[in-house]
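Asks: Need a 3D model of the sequence below.
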Amino acid sequence: MLILIPVAVRKGAKLHNLNTDASFRFERGVDPNITRTAITRAIKLIQEIAGGKLVGDLLEEYPKKIEDNYVIIRFSKIEQILGTKIHREKVKEILKALEIQVLNEIQNGLEISVPAYRADVTREIDVIEEILRIYGYNKIDAPQKISFTPVKLSANDQDELENNWARTLQSIGFNEVMNNSLTSVKDETDAVKLLNPLSGDLAFMRKSLLEGLLQNAVYNINRKNQDIKFFEFGKIYHKKDKYEERKQLAILVTGRDVAENWLQPKSAVSFYNLKAYVKFLLERLGVDYKEVALADDRFSDSLAYEADGKTLVRIGKVSPVLLKDFDIDQECFYAEIELELAQQLRSGNATEI
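Replies: Coordinates of the predicted model:
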């Protein structure tokens, strides 16, 4: 007999990108005892119809035998979850109908054995859900009163900072975007890889917010919207000696800084426009920083702002090589601000924005 392990089937199907009716069935788990039933039935038919003779015993070999699940359910827990009391005998009647064996009655519950083919029922809460399903959702009355303790919710300082910066950027023509944290990467150095990715395109946690913003830019440029001012709050992930997770504000500008009109001639956005936007945000925080050189493969021209010996901001003109990978043929400028560090350095004399 062959029993396929659900986890191995699921991983194999994802690894080879091969989804079949068999993988769909076996990755969810099947009754391991049904194979014996099928073989026994086949042997009986061969004997009856073809005159076959049984020459040996059935051989079963388990690397790890699949046993029935032992679970304890408490009547008090059933009442707590369902919000109503179900008589003990009714519970036992439902369990019998589900082919779940009652091994022993204890003071406030039952010791039960769940058949191995019920791979979805392994915990007390799973059994309670099955009891409710058979008992009937319509028989559970809605409570007339709900008791709760009022809790005052208030945004923390970093939430306040993000909201202020978002409002400021929106007031000067920026649009906020949100991108998926899962992505693909060319350079896997320091990248955090998922154990069970849904696809090759979603196999890694993003190392930078830049690529997502460039994808947003491509989408808009291909639809004749070439004047772009985007910003995004999001986390990036790296794995060096340990896993690192940092939250950033990323800003991308490209095209014209201001729409052309009879008072305003056509003017392309520049590195200095972006630099001014970043300074506008930082100066209202009361943060002291200094400008330093920056070496970053993502940029052709770049600089950084440091505060207390740590990099607070990176600003640069996006590298033509990177733009070519995204089929963008116009200059793009990008900045990223370390949010946690900005909050730590935030002065008590910060100006409200």
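
Asks: CA atoms for contacts and neighbours, from now on please.
Replies: Noted.

Asks: could you say what helices and strands the helix or strand hosting Leu103 packs with?
Replies: When secondary structure is defined by DSSP states H and E, Leu103 falls within strand 101-106. In terms of contacts (3 or more CA pairs under 8 Å, 6 or more residues apart in numbering; DSSP states H and E), strand 101-106 is packed against helix 88-97, strand 109-114.

Asks: low pLDDT regions in the chain?
Replies: Judged against pLDDT under 70, the low-scoring parts of the chain cover residues 1-4, 146, 148-156, 260-265, 347-353.

Asks: where along it do the helices fall?
Replies: For the chain, the helices identified by DSSP state H occupy 6-16, 21-26, 34-50, 75-82, 88-97, 124-135, 157-171, 210-221, 271-283, 320-325, 339-345, in order along the chain.

Asks: okay if I get those as TSV plus distance to Ile236?
Replies: TSV is the format used below for the helices of the chain (distance: least, CA to CA, whole Å):
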stretch	distance to Ile236
helix 6-16	26
helix 21-26	34
helix 34-50	48
helix 75-82	39
helix 88-97	48
helix 124-135	36
helix 157-171	16
helix 210-221	10
helix 271-283	20
helix 320-325	19
helix 339-345	12
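
Asks: As a markdown table, these with distance to Gly56 and mean neighbour count would be great.
Replies: Converted to a markdown table, those look like this (distance: least, CA to CA, whole Å; neighbours: other CA atoms under 10 Å):
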| stretch | distance to Gly56 | mean neighbour count |
| --- | --- | --- |
| helix 6-16 | 30 | 15 |
| helix 21-26 | 29 | 13 |
| helix 34-50 | 12 | 12 |
| helix 75-82 | 48 | 15 |
| helix 88-97 | 36 | 14 |
| helix 124-135 | 40 | 16 |
| helix 157-171 | 72 | 15 |
| helix 210-221 | 64 | 18 |
| helix 271-283 | 81 | 16 |
| helix 320-325 | 65 | 14 |
| helix 339-345 | 71 | 17 |
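
Asks: picking that back up, can you list the strands that the strand holding Leu103 pairs with?
Replies: Using DSSP bridges, the strands paired with strand 101-106 are strand 109-114 (antiparallel).

Asks: What residues does Lys235 make contact with?
Replies: Lys235 makes contacts with Ser181, Leu209, Glu245, Arg246, Lys247, Gln248, as judged by CA atoms under 8 Å, 6 or more residues apart in numbering.

Asks: what's in contact with stretch 166-180?
Replies: Outside stretch 166-180, the residues that touch it by CA under 8 Å, 6+ apart are Gly212, Leu213, Ile228, Lys229, Phe230, Phe231, Glu232, Phe233, Gly234, Leu281, Ile353.

Asks: hey, where'd the strands end up in the stretch 251-353 of the chain?
Replies: In the stretch 251-353 of the chain, strands defined by DSSP state E, counting those that start in this stretch lie at 290-293, 299-307, 310-318, 332-338, listed in chain order.

Asks: what about the first one, distance to the chain center?
Replies: Taking CA atoms, centre = their mean, to the nearest Å, one finds strand 290-293 lying 36 Å from the centre of the chain it belongs to.

Asks: which residues are contacting it?
Replies: Residues outside strand 290-293 that contact it (CA under 8 Å, 6+ apart) are Ser302, Leu303, Ala304, Tyr305, Glu306, Ala307.

Asks: From the recorded domain assignment, give the ranges for the chain.
Replies: With domains defined by automatic domain parsing, the chain comprises 1-64, 67-144, 157-345.

Asks: From Leu294, how far out is Glu129?
Replies: Plainly put, Glu129 is 58 Å away from Leu294 if you go by CA to CA, to the nearest Å.

Asks: which ones are touching Ile134?
Replies: So Ile134 contacts Ile94 (CA under 8 Å, 6+ apart).

Asks: With Asp126 instead?
Replies: The contact partners of Asp126, taken as CA under 8 Å, 6+ apart, are Asp120.
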